[in-house]
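Asks: Test case, fold it:
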Amino acid sequence: MGKGSCCRTEDAKFYMKHKVYKPKVDEEFEHCVKEDTGLGSSNHLDLRVKIARKLWEKEDKSVQEAVIAENKEAFERLQNLQERLVEGGGLTWNNLGEEQEEEMRDFLRA
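Replies: Below is the predicted model of the structure:
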C-alpha cells in the first residue's frame, strides 16, 4: 500500500459504526460506562472498540458475512473516490451521488 492509500476498516469497527448495529454497541457501551465510574474519557474509544469486537464475535455467521460484504463494498467505493481525486477526475461535493456523499462525510469524520 502506497503513501496516502486508504485502508479497509476492521470489520468489527465497521460493525461498530453500522447504522443497524451501532445502537447495540452504544447500549452496551453506556452500560459499561455507568458501571465503571473510574473510566476516563480518554479510554472511551478503546472501550467502544473492545465492546464492538466482543459483540462482533457473538454475531451469527450470516450477520458477519453481510457486514464483511458491506465493508468490502464501502472500501471499494472509497478506493474509487480516491482514484478519481488522484487522477484529477473533477470530484466535488456537487457531483457525488447522495450515497457517496454520505460515505465521504462518514469517512472524513472517522
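
Asks: the domain parsing of this structure - what is it?
Replies: Using automatic domain parsing, the domain ranges for the chain come out as 10-59, 60-110.

Asks: Lowest mean pLDDT across those domains, which one is that?
Replies: Ranked by mean pLDDT, the domains of the chain bottom out at domain 60-110, with a mean of 77.

Asks: Work out the gap between stretch 16-26 and the centre of the chain.
Replies: 10 Å (C-alpha atoms, centre = their mean, to the nearest Å).

Asks: centroid residue for this protein?
Replies: Residue closest to the mean C-alpha point of the chain, counted by C-alpha atoms, centre = their mean, is residue 14 at 3.4 Å.

Asks: If you count neighbours, what's buried in the helix or strand encompassing residue 77?
Replies: Assigned by DSSP states H and E, residue 77 belongs to helix 61-86. Using 16 or more other C-beta atoms under 10 Å as the test for burial, helix 61-86 gives 64, 67, 71, 74, 77, 78, 81. Heads up, the C-betas are built off the backbone N, CA and C, glycines and all.

Asks: And for stretch 12-27?
Replies: 12, 13, 14, 15, 16, 18, 21, 24, 25.

Asks: Now do the same contact list for the first one.
Replies: When contacts are counted by C-beta atoms under 8 Å, 6 or more residues apart in numbering, residue 12 is found next to 49, 52, 53, 56.

Asks: Quick one: the residues you listed as TSV, columns for neighbour count, secondary structure and distance to residue 32 too.
Replies: Formatted as TSV, the contacts of residue 12 follow (neighbours: other C-beta atoms under 10 Å; DSSP: H, G, I helix; E, B strand; the rest coil; distance: C-beta to C-beta, whole Å):
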residue	neighbour count	secondary structure	distance to residue 32
49	16	helix	12
52	25	helix	12
53	17	helix	13
56	20	helix	16
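
Asks: now the residues you listed in TSV, with distance to residue 87?
Replies: Output for those, formatted as TSV (distance: C-beta to C-beta, whole Å):
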residue	distance to residue 87
49	34
52	35
53	36
56	35
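
Asks: any idea which of these is closest to residue 30?
Replies: Distance to residue 30, by C-beta to C-beta, is smallest for residue 52 among these, at 13.6 Å.
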